[in-house]
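**Student:** sequence and computational prediction follow.
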Amino acid sequence: MGFILRLLVNALALYLLTQVYSGVFFAGGTGVGSILIAALVMGIVNALIRPVLLLLSLPLTILTLGLFTLVVNGVVLLLVAAVTALDTAGFGAAIVGALILTIISWLLDSLVGVLGLDGKRD
């Protein structure tokens, strides 16, 4: 999937998250540009910081049979909220928001694949 398409899918997923879950929201008067910036920051944090967090939390992740990954995803969402127009109602809301965001992103990725927009051929 191309970079621009991935950015747009992430931006749409973040926007849909704020529409279906009140614990994660954008600041008032936020435009499309702010949503795209939040999606770009989310991609950068997922690429650079999330792997380090997962490595450092590996013992807890093993101990909890992978459930601690939800906490790491919540921390990533909190980090994105700290530097963009995205905001959360707290740590618990960030964890729930990260779980919902994962489901929304998965559904959107599946839709992009079914529609053939990802450039892959059968």
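**Tutor:** Alright, I've got the coordinates. Numbers count the residues shown, from 1 in each chain.
**Student:** list the buried ones in stretch 91-109?
**Tutor:** Ala93, Ala94, Ile95, Val96, Gly97, Ala98, Ile100, Leu101, Ile104, Ser105, Leu108, Asp109 (16 or more other CB atoms under 10 Å). (C-beta placed from N, C-alpha, C; glycine too.)
**Student:** give the contact list for the residue most central in space within the chain.
**Tutor:** Against the mean C-alpha coordinate of the chain, by CA atoms, centre = their mean, the closest residue is Leu101 at 5.5 Å. Counting by CB atoms under 8 Å, 6 or more residues apart in numbering, Leu101 touches Ala13, Leu14, Leu17, Val24, Asn73, Leu77.
**Student:** cool, Ile62 as well?
**Tutor:** Taking CB under 8 Å, 6+ apart, one finds nothing in contact with Ile62.
**Student:** what's the pLDDT at it?
**Tutor:** Note on Ile62: pLDDT of 97.
**Student:** what's it sitting at in phi/psi?
**Tutor:** Main-chain dihedrals, Ile62, degrees, to the nearest 10: phi -70, psi -40.
**Student:** please report the distance of it from Thr69.
**Tutor:** Distance, Ile62 to Thr69, by CB to CB, to the nearest Å: 11 Å.
**Student:** shaky segments in the chain?
**Tutor:** 1, 121-122 (pLDDT under 70).
**Student:** what ranges does it have for its strands?
**Tutor:** 24-26, 86-88 (DSSP state E).
**Student:** so in that sheet, which strands flank the last one, and in what orientation?
**Tutor:** Paired strands of strand 86-88, with direction, are strand 24-26 (antiparallel) (DSSP bridges).
**Student:** counting neighbours, which bits of the strand it pairs with end up buried?
**Tutor:** Val24, Phe25, Phe26.
**Student:** with distance to Leu86 as extra columns, can I get those in a markdown table?
**Tutor:** As requested, the buried residues of strand 24-26 are exported to a markdown table (distance: CB to CB, whole Å):
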| residue | distance to Leu86 |
| --- | --- |
| Val24 | 7 |
| Phe25 | 8 |
| Phe26 | 6 |
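**Student:** which of those sits closest to Gly113?
**Tutor:** Val24 (25.5 Å; CB to CB).
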